[in-house]
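A.B. asks: need coordinates for the following:
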Amino acid sequence: MTVGAIATCQNCGAPWRPDVAGACRFCGVAAPPPGVPTGLAGARPTIDADALYRRLISVTTDPGHPLDRLAAALHRVAGDRVTMSGNPVALVQLDLEDWQYRLWIERGDTQALAVHTVRGVVLKHQPLPFDECLAALAGHLAEYAGTHRHVHDAIVALDRA
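C.D. replies: Residues are numbered from 1 along each chain as shown. Here you go, the predicted model:
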């Protein structure tokens, strides 16, 4: 049901703000408004990359230590694929398949880099704005979660924390 320009959950009528798994944040039921795409029955579990990106951005809001909570969140999701250094955290690195995402603090500014390596050959070494790197990382994690149930479950748990 749509009220004016605000989409609402078909189950509880709350404003439609889905969690990373596509369920209503208020009632927990996957009841999107008409016109919002839904997954196929029996398909692999999906994560909304945009919702995951917003969640990751939200944990970087501490201006003094933007990587501390991000490092902890990524570690809960990806486990030993995440390395971090410094106290407060000054470098976070996530190795996911053939990509490596590096986020660090340099002279008080956040920096980011995405590196694509196949069979030991660097195909892409791309400095990115911090938010674009987080968006790419969120998209990759969302895709990865579709084939790795424990990552999917960890992302859902992170979103509900």
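A.B. asks: for this structure, which strand is longest?
C.D. replies: strand 109-118 (DSSP state E).
A.B. asks: neighbouring contacts of it?
C.D. replies: 60, 66-67, 98-105, 122-130, 132-134, 136-137 (Cβ atoms under 8 Å, 6 or more residues apart in numbering). C-beta: built from backbone N, CA, C; applies to glycine.
A.B. asks: so what's His116 closest to, chain neighbours aside?
C.D. replies: Among residues not flanking His116 along the chain, Lys124 sits closest, at 4.0 Å (Cβ to Cβ, 6 or more residues apart in numbering).
A.B. asks: helix, strand, or coil at the one you found?
C.D. replies: Of the three states, Lys124 takes strand under DSSP: H, G, I helix; E, B strand; the rest coil.
A.B. asks: before we move on, what about Tyr101?
C.D. replies: Following three-state DSSP, we place Tyr101 in the strand state.
A.B. asks: can you get me a residue count around it?
C.D. replies: 22 (other Cβ atoms under 10 Å).
A.B. asks: who does the top helix by length along the chain touch, helix- and strand-wise?
C.D. replies: Across the chain, the longest stretch assigned as helix under DSSP state H is helix 130-145. Where contact means 3 or more Cβ pairs under 8 Å, 6 or more residues apart in numbering; DSSP states H and E, helix 130-145 is packed against helix 49-58, strand 91-96, strand 99-106, strand 109-118, helix 149-160.
A.B. asks: pick out the shakiest of the ones you listed, pLDDT-wise.
C.D. replies: Note on these: helix 149-160 shows the lowest mean pLDDT, a mean of 88.
A.B. asks: any buried residues in that one, and which?
C.D. replies: Within helix 149-160, the residues scored as buried using 16 or more other Cβ atoms under 10 Å are 151-152, 154-156, 158-159.
A.B. asks: which residues sit against it?
C.D. replies: Residues contacting helix 149-160 (Cβ under 8 Å, 6+ apart): 19-21, 45, 47, 51-52, 55, 73, 76-78, 141-142, 144-146.
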